[in-house]
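Novice: Provided below for reference: sequence and predicted model.
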Amino acid sequence: PSAQDPWRPAVHLTAERNWINDPNGLVYENGTYHAFYQHNPHGNFWGNMSWGHSTSTDLIHWTQQPVAMEASEAEEIFSGAIVLDKENASGLGTAGNPPMVALYTSAYGKGGARPAGVQAQSLAYSLDHGKTWQKYKGNPVLDLAPSNNNFRDPKVTWYEPGGYWVMTTVVADAQVVKLFKSTDLLHWDHLSDFSGVGAQGGLWEVPELLQMDVAGGNGLKKWVMLLSINPGGIAGGSGMQYFVGDFDGRTFTAENAAKPGAPLTDSQWLDYGADYYAANSISGAPGGKPVLLGWMGNWDYAQDVPTTPWRGAMAVPRELELLRDGGRYALRSGIAAAASGALGEAAGGEVRRRNLTVDGGAEPLGGDFTARSQLLDVELEPGEAAETGLVLRSSADGSSGLRVSYERATGTLKVDRSRAGTGNFSRLFSPYHQAKVPLRDGKLRLRILLDSSSVEVFTPDSTVAITDTFFPAWDDTETLAFSRGGAAEVRVSSAAP
Ligand code: FRU
C-alpha cells in the first residue's frame, strides 16, 4: 500500500491490475497452491471474464502468473474447478505426466458453440502444472438440455466409496444445485437435484459438496453443502449459507435445514459480514481440514468500490471445522493453519498497551502501523458495560474508524463501518453487520485480521465470522479500546502465528 494506492491489501491476494471476483480452480500440487480467479484482463470492472492465475507456497505471498484462459467474443470463462487427474482417467495426459483438469462454465457469446447467452460446462487441461491450458475439443462436456442461460459453477470432488467424481453445479435463477458423476471427467451423468431448503435469495451460485470429520466425533463424518446466494445474504446482497447432512453417492440430504421463507437467521451462514462470497476449497490441500479461499466482495457494490488500478481481493485462506453446536452441526471458520506462519510475520502492527480497563470513552492502544495490516488477539470482558470493543484504523480522537464491538443488550458481535472512511460510492454499502455470540466465562475472544481495506473477525469459541471491506483514510492509523455505559476489560495482543 502507498498513499497513492492506500487500500491495496498487504496480506491478501489481488491482481496487480484490474478486476477480480470468484476464486476458481483452487488446487494444491507438489508444494504450490494455485489460485485461479474470475478476472478482466482489460479493465477494472466485471467483463471479458477470464481465468487469472496466481501461485503461492505459503497462502499469503502470491506471485501473479500469466492469464490462464482468456475470454473471446465466442466464450467467456466463468467459474469452475480444477482436479488432478492422477490416474489419467481422462486420457488427456499420460501415465507419466497426468493432466490437471479444469471444469469451467462456458458463457457463450457471438460465434460460440452454443447460442449467445447459453451457459454449459467445459473442460480444459494442463500438462505443465497449470502454466498453459488447452481446451478440450469436445466442449462443452455438459449441457442442460435443451439449453440454459444460468447453468454454471462446476466444482468437482472425488467420491471415494463410489470410485467416481461428483460435480456440483447450479441452475442459478431456479435456486437448484444439480449433482453429476463421472469416471473420466469427460462424460457426466445426472445424479440428483438439491433445492427447496434454506434461504432462496435471488441466485444460487458456486456450490460445493464437502465431506468433513466432526470435531471430537470419533471418526464420524458428515457432508456439507456450501452455497453462495445473491442477493438475499444475511448482511444484504451476496452471502454464503451452508447445509450439513449426508450424501449416499447420489443424493445430498440436509439435516435441520431452515425452511424457505423462514427468517434469515434460521439459515446457517459461513460469514455474517457483507464481503465473503463464492468461497470454495483448495483441492488436495494438505492438513485434513478444508481450506477455503473466498472473494471479499459483494455484488451490491463491488463494481463501485473506489480502488484503482485493481478491484477485488480474496479473503484470508480459512480452514473449516465441523462442530456440534446447540443441537445442530455448524461450521467454525479460522485462519488456515498453513497460512498462519507467513501471516504472523507479514502482518505487523505491534500494539503497546496490552490490558486495560476502559470506563466510558476510548483509550489509545498505541502501536506501529507501518505494515498496514494487523493480526490481533482480543479478549473483551464487557462486565456491566453496554458496549465495548476496538476502534481500528481510527483517527486520534476516535471520531472516525471501524468499530468492532460486543453489545450486551442484544448479545451481538458487531462490525460498524459507517464512520470508517469512504462509503458514499454506493447506497448499498451497508453500514454495519452483526451476529449473536455467546460469552464464555463472561468473556469474548476475537481474532482480528485487519488489512488496508478489510477486516476479518473470527471467534475462536463460536461459529461466527464477520468479513467486511472498508476504505479508511490513509492517516487514520490508531487503535483504540472503548466502552459505553460502564467499565469493561479489554486485552489485546499481536497474535502469535
Ligand atoms: C459468482 C458468479 C458465478 C459466475 C461468475 C461470473 O460471483 O456470478 O456464478 O460463474 O461469478 O464472473
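Specialist: Done, it's in.

Novice: Could you check how far the residue nearest the centre of the chain is from residue 94?
Specialist: Nearest to the mean C-alpha position of the chain, by C-alpha atoms, centre = their mean, lies residue 294 at 2.1 Å. Noted for residue 294: a distance of 35 Å to residue 94, by C-beta to C-beta, to the nearest Å. (Each C-beta comes from the backbone N, C-alpha and C, glycine too.)

Novice: Check residue 293 too.
Specialist: Here the criterion is C-beta to C-beta. By it, residue 293 lies 30 Å from residue 94.

Novice: One more: residue 340?
Specialist: 38 Å.

Novice: okay, residue 293 and residue 94: which has more neighbours?
Specialist: residue 293 (25 against 10; other C-beta atoms under 10 Å).

Novice: how about the strands of the stretch 151-300 of the chain, start to end?
Specialist: 151-159, 164-171, 176-182, 189-195, 203-213, 221-230, 239-247, 252-254, 268-269, 277-281, 291-295 (DSSP state E, counting those that start in this stretch).

Novice: what does the helix or strand of the chain with the lowest mean pLDDT contact?
Specialist: Here the helix or strand of the chain ranked lowest by mean pLDDT, DSSP states H and E is helix 337-346, holding a mean of 91. Contacts to helix 337-346, defined as C-beta atoms under 8 Å, 6 or more residues apart in numbering, come from residues 10-11, 58-61, 285-287, 289, 291, 316-317, 319, 335, 371, 373, 375, 449, 495-497.

Novice: quick one: residue 446 from residue 338, how far?
Specialist: As judged by C-beta to C-beta, residue 446 and residue 338 stand 22 Å apart.

Novice: Which residues lie in contact with the closest residue to residue 88 other than its chain neighbours in this structure?
Specialist: In this structure, residue 88 finds its nearest non-sequential neighbour in residue 98, 4.5 Å apart by C-beta to C-beta, 6 or more residues apart in numbering. Applying C-beta under 8 Å, 6+ apart, we find residue 98 in contact with 84, 85, 86, 87, 88.

Novice: Select the longest strand from this structure.
Specialist: Longest strand of the chain, by residue count under DSSP state E: strand 478-494.

Novice: Give me the angle between it and helix 337-346.
Specialist: Put simply, strand 478-494 runs at 130 degrees to helix 337-346, going by axes from the mean of the first three to the mean of the last three C-alpha atoms, to 10 degrees.

Novice: Quick check: mean pLDDT of strand 478-494?
Specialist: For strand 478-494, mean pLDDT rounds to 95.

Novice: How about stretch 409-423?
Specialist: On average, stretch 409-423 scores 97.

Novice: residues of that stretch that come out buried?
Specialist: Neighbour counts over stretch 409-423 (16 or more other C-beta atoms under 10 Å) mark 412, 413, 414, 415, 416, 417, 419, 420, 421, 423 as buried.

Novice: what about the nearest residue to residue 257 once chain neighbours are set aside, how many residues close to it?
Specialist: Among residues not flanking residue 257 along the chain, residue 197 sits closest, at 3.9 Å (C-beta to C-beta, 6+ apart). When neighbours are counted by other C-beta under 10 Å, residue 197 registers 20.

Novice: re the thing from before, highest neighbour count among the contacts of residue 98?
Specialist: Counting neighbours by other C-beta under 10 Å, the top entry in the contacts of residue 98 is residue 85, with 19 neighbours.

Novice: Enumerate every residue touching it.
Specialist: Counting by C-beta under 8 Å, 6+ apart, residue 85 has contacts 92, 93, 98, 99, 100, 101, 125, 185.

Novice: just to revisit the earlier point, can you tell me how far the residue nearest to residue 257 sits from the ligand?
Specialist: As judged by C-beta to the nearest ligand atom, to the nearest Å, residue 197 and the ligand stand 20 Å apart.

Novice: Quick check: bridge partners of the residue in the stretch 101-250 of the chain that the ligand sits nearest to?
Specialist: Nearest to the ligand in the stretch 101-250 of the chain, going by C-beta to the nearest ligand atom, is residue 205, at a distance of 3.7 Å. Under DSSP bridges, the beta-bridge partners of residue 205 are residue 228.

Novice: so it touches residue 232, yeah?
Specialist: No. With contact defined as C-beta atoms under 8 Å, residue 205 does not count as touching residue 232 (11.2 Å).

Novice: who's more crowded, those two?
Specialist: Set residue 205 next to residue 232 and count neighbours by other C-beta under 10 Å: residue 205 wins out with 23 against 19.

Novice: Kindly provide the distance from the more buried one to residue 410.
Specialist: Taking C-beta to C-beta as the measure, residue 205 falls 31 Å from residue 410.

Novice: who's in contact with whichever residue of the stretch 251-400 of the chain sits closest to the ligand?
Specialist: Using C-beta to the nearest ligand atom, residue 278 is the residue of the stretch 251-400 of the chain that sits closest to the ligand, at 4.7 Å. By C-beta under 8 Å, 6+ apart, the residues touching residue 278 are 21, 22, 23, 79, 205, 206, 228, 240, 294, 295.

Novice: what do you get for residue 304?
Specialist: Neighbour list for residue 304: 425, 426, 429 [criterion: C-beta under 8 Å, 6+ apart].

Novice: Could you report the distance from the closest residue to the first one other than its chain neighbours to residue 239?
Specialist: Residue nearest to residue 425 in three dimensions, not counting chain neighbours: residue 304, with 4.6 Å by C-beta to C-beta, 6+ apart. Relative to residue 239, residue 304 is positioned 18 Å away (criterion: C-beta to C-beta).

Novice: Please parse the protein into its domains.
Specialist: 18-340, 347-494 (automatic domain parsing).
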